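**Q** pasting a predicted model and its sequence here:
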Protein chains: 2
Amino acid sequence: MKREPRVVEVRKNILKQNDMVARELRQRFRDAGVFVANFVSSPGAGKTALLERTLTRLRPRFRVAAVVGDLATEHDAARLARSEAPVRQITTGTLCHLEATMIGTAVEGWALADLDFLFIENVGNLVCPASYDLGESLRFVLMSVTEGEDKPLKYPTIFNSADVAVITKIDIAEAVEFDLAAANENIQRVRPGMETFRVSAKTGQGMEEYLAFLEARMAEASGIVSP
Amino acid sequence: MKREPRVVEVRKNILKQNDMVARELRQRFRDAGVFVANFVSSPGAGKTALLERTLTRLRPRFRVAAVVGDLATEHDAARLARSEAPVRQITTGTLCHLEATMIGTAVEGWALADLDFLFIENVGNLVCPASYDLGESLRFVLMSVTEGEDKPLKYPTIFNSADVAVITKIDIAEAVEFDLAAANENIQRVRPGMETFRVSAKTGQGMEEYLAFLEARMAEASGIVSP
């Protein structure tokens, strides 16, 4: 345990370096007028399912693209590509989060100014991605109704680092006896005032509200006044 | 990224140190005749629910205890304590795994020789706990039917580091359209020959087989010949 302070110090330097790259990225995204959303959650919370539906729903009216991170496999990129949006996969090996430099590399060759939305699907992990800014405009933390209502209390850092919470798989809430009031209370306890959506990527429930929010935030960021 | 090699080196030293502590722990557990099972999974896969039922079911005939790790809160210890087994909570702060020294500290004061089973519930994470030996006799990796059948392919390291797989929440497999054959195939692809159980802590489905396995392995380890 004596070595811990040294690890922390090295980690701090890496984080600082990441923050610098993220700041540059954020400026690039802003200059290009692309709205960037970073999705974090535990494995299996439904990031890919939600993103696939999001891309499919937005694509007729907006120019969308996605970058997806995983330790191994390119399954998720293949799933997202069914939306016919351009998609790139980052495989991180044993690294449990995406870093800003990886995003910079992944979007190389894309004309960012031709995009309205760029979605980032982070590695499935409720701890590691919290500290890594990817230059995103907005960070969404997903929790599925099957994960238990106490996740915000158990993983306060990632809920604190996110801007918006999305409760997923709401169509099976009853089957798993999910207590929505308790979940909301826990979210608000960790992050007072946090905007929260309840969706089912499978049935489409709650998607309208969530998509309207995305569009409004994108319009706001790009200076378009929504009616 | 230039600093990465240094981090890896420091991490290797920590891992080596952990392995040494784990080796001593394993010897202590063996001398005391206590069978130690380490449960790893992503958050919300149902470790606590399965352990609560495991403790409750084993307690009438065996001497059981549990140690549970979380970043924050002592919820899980409180839930496990409903089984009336002795339970200790480790809160790890921002650390996404348990380490061998934490287990050593947590079991201080317990007469290990008076225990048949010690269960360890690791921090909910499919990446970090993979590399940390806790001196356990057996490592169980849990995946719930709601997480998707591809988890073994996406998190091969943790499936490789575990001895046994448990597919949880099997009672809602149909509701979430879980493809058991695909899941099994993926588990076997990553870890050929891996023993796999299918359970529901809620309905009790599959618990007999899983508990019989636990008892048999405990008897084997302690030199008791089962009938």
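**A** Received the coordinates, thanks.
**Q** where do the helices sit along chain A?
**A** Here chain A has its helices, by DSSP state H, at A:4-32, A:47-58, A:75-81, A:100-106, A:151-154, A:156-161, A:180-190, A:207-221.
**Q** in stretch A:160-167, what's buried?
**A** For stretch A:160-167, the neighbour count (16 or more other C-beta atoms under 10 Å in any protein chain shown) marks A:161-167 as buried. Using the backbone N, CA and C atoms, a C-beta is placed for each residue, glycine as well.
**Q** so which of these sit within strands?
**A** Counting by DSSP state E, the buried residues of stretch A:160-167 place A:164-167 in strands.
**Q** which one of the helices of chain A lies nearest to A:Val40?
**A** helix A:156-161 (6.1 Å; C-beta to C-beta).
**Q** contacts for the closest one next, please.
**A** A:40, A:126-127, A:129-131, A:139, A:141, A:151-152, A:165, A:187, A:190-191, A:194, B:71-72, B:94 (C-beta atoms under 8 Å, 6 or more residues apart in numbering or on different chains).
**Q** can you check stretch A:207-215 too?
**A** A:35, A:37, A:53-54, A:57-58, A:62, A:117, A:164, A:166, A:195, A:197, A:199-201, A:226.
**Q** ok, the buried residues of stretch A:160-167 vs A:Leu112, which is closest?
**A** Comparing these against A:Leu112 with C-beta to C-beta picks out A:Asp163 as the nearest, at 21.1 Å.
**Q** how much space between the closest one and chain B?
**A** A:Asp163 sits 20 Å away from chain B, taking C-beta to the nearest C-beta, to the nearest Å as the criterion.
**Q** please look at that residue and A:Thr196 and confirm they touch.
**A** No. The pair A:Asp163 / A:Thr196 is not scored as a contact, 11.0 Å apart, by C-beta atoms under 8 Å.
**Q** one step back: now a PyMOL select for only the buried ones of the contacts of stretch A:207-215.
**A** Applying 16+ other C-beta under 10 Å to the contacts of stretch A:207-215, the buried members can be selected in PyMOL as follows:
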select buried, chain A and resi 35+37+53+54+57+58+62+117+164+166+195+197+199+200+201
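**Q** so which bits of stretch A:68-88 are buried?
**A** Neighbour-count burial for stretch A:68-88 flags A:68-72, A:75-77, A:79-81, A:83, A:85-88 (criterion: 16+ other C-beta under 10 Å).
**Q** so which of those reach chain B?
**A** A:70-72, A:75 (C-beta under 8 Å from any C-beta of the partner chain).
**Q** now pLDDT and distance to A:Gln17 too, for the residues you listed, in TSV please.
**A** Converted to TSV, those look like this (pLDDT from 0 to 100; distance: C-beta to C-beta, whole Å):
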residue	pLDDT	distance to A:Gln17
A:Asp70	93	23
A:Leu71	92	22
A:Ala72	91	25
A:His75	92	30
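**Q** out of these, which are inside strands?
**A** Using DSSP E, these in strands are A:Asp70.
**Q** greatest separation within the ones next to chain B among the buried residues of stretch A:68-88: which pair is it?
**A** A:Leu71 and A:His75 (11.4 Å).
**Q** between those two, which contacts overlap?
**A** Common neighbours of A:Leu71 and A:His75, counting by C-beta under 8 Å, 6+ apart, are B:Lys154.
**Q** need the residue closest to the centroid of chain A.
**A** A:Phe39 (1.0 Å; C-alpha atoms, centre = their mean).
**Q** confirm for me that that residue is in contact with A:Asn122.
**A** Yes. Using C-beta under 8 Å, A:Phe39 makes contact with A:Asn122 at a distance of 6.2 Å.
**Q** which residue comes closest to A:Trp98 once chain neighbours are left out?
**A** If you look again at residue A:98, you'll see it is Leu, not Trp. In space, A:Leu98 comes closest to A:Gly69 once its chain neighbours are excluded; the distance is 4.3 Å by C-beta to C-beta, 6 or more residues apart in numbering or on different chains.
**Q** which strand residues bridge the one you found?
**A** Judged by DSSP bridges, the bridge partners of A:Gly69 are A:Ile90.
**Q** which residues touch it?
**A** A:89-92, A:97-98, A:102, A:120-123.
**Q** kindly report the same for A:Glu99.
**A** A:18, A:21, A:132, A:134 are the contacts of A:Glu99 under C-beta under 8 Å, 6+ apart.
**Q** equivalent analysis for A:Ala66, please.
**A** A:Ala66 neighbours (C-beta under 8 Å, 6+ apart): A:51, A:55, A:80, A:85-88, A:118-121.
**Q** so what's it closest to, chain neighbours aside?
**A** Spatially, and ignoring its direct neighbours in sequence, A:Ala66 is nearest to A:Phe119 (4.3 Å; C-beta to C-beta, 6+ apart).
**Q** measure that neighbour to chain B for me?
**A** 19 Å.
**Q** since we're on that residue, how many residues are nearby?
**A** Number of residues near A:Phe119 (other C-beta atoms under 10 Å in any protein chain shown) recorded here: 26.
**Q** before we move on, what about the one 4 residues further on?
**A** The local packing of A:Val123 (other C-beta under 10 Å) involves 26 other residues.
**Q** model confidence score at A:Gly223, please.
**A** pLDDT, A:Gly223: 71.
**Q** what do you get for A:Glu121?
**A** Confidence score, pLDDT, at A:Glu121: 98.
**Q** could you do A:Arg3 as well?
**A** For A:Arg3, pLDDT reads 44.
**Q** A:Val164 too?
**A** Value for A:Val164, per-residue pLDDT: 97.
**Q** that one reaches A:Val141, doesn't it?
**A** Yes. Between A:Val164 and A:Val141 there is a contact under C-beta under 8 Å: 7.4 Å.
**Q** before we move on, back to that, and the contacts of A:Ala66 as CSV, adding distance to B:Gln27?
**A** Below are the contacts of A:Ala66 laid out as CSV (distance: C-beta to C-beta, whole Å):
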residue, distance to B:Gln27
A:Leu51, 48
A:Leu55, 54
A:Leu80, 49
A:Ala85, 55
A:Pro86, 55
A:Val87, 50
A:Arg88, 49
A:Leu118, 53
A:Phe119, 50
A:Ile120, 46
A:Glu121, 44
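**Q** distance of the nearest residue to A:Thr168 once chain neighbours are set aside from B:Lys16?
**A** In this structure, A:Thr168 finds its nearest non-sequential neighbour in A:Gly46, 4.1 Å apart by C-beta to C-beta, 6+ apart. A:Gly46 is 38 Å from B:Lys16, where distance means C-beta to C-beta, to the nearest Å.
**Q** out of these two, which sits in the busier spot?
**A** Higher neighbour count among A:Gly46 and B:Lys16: A:Gly46, with 26 against 9, using other C-beta under 10 Å.
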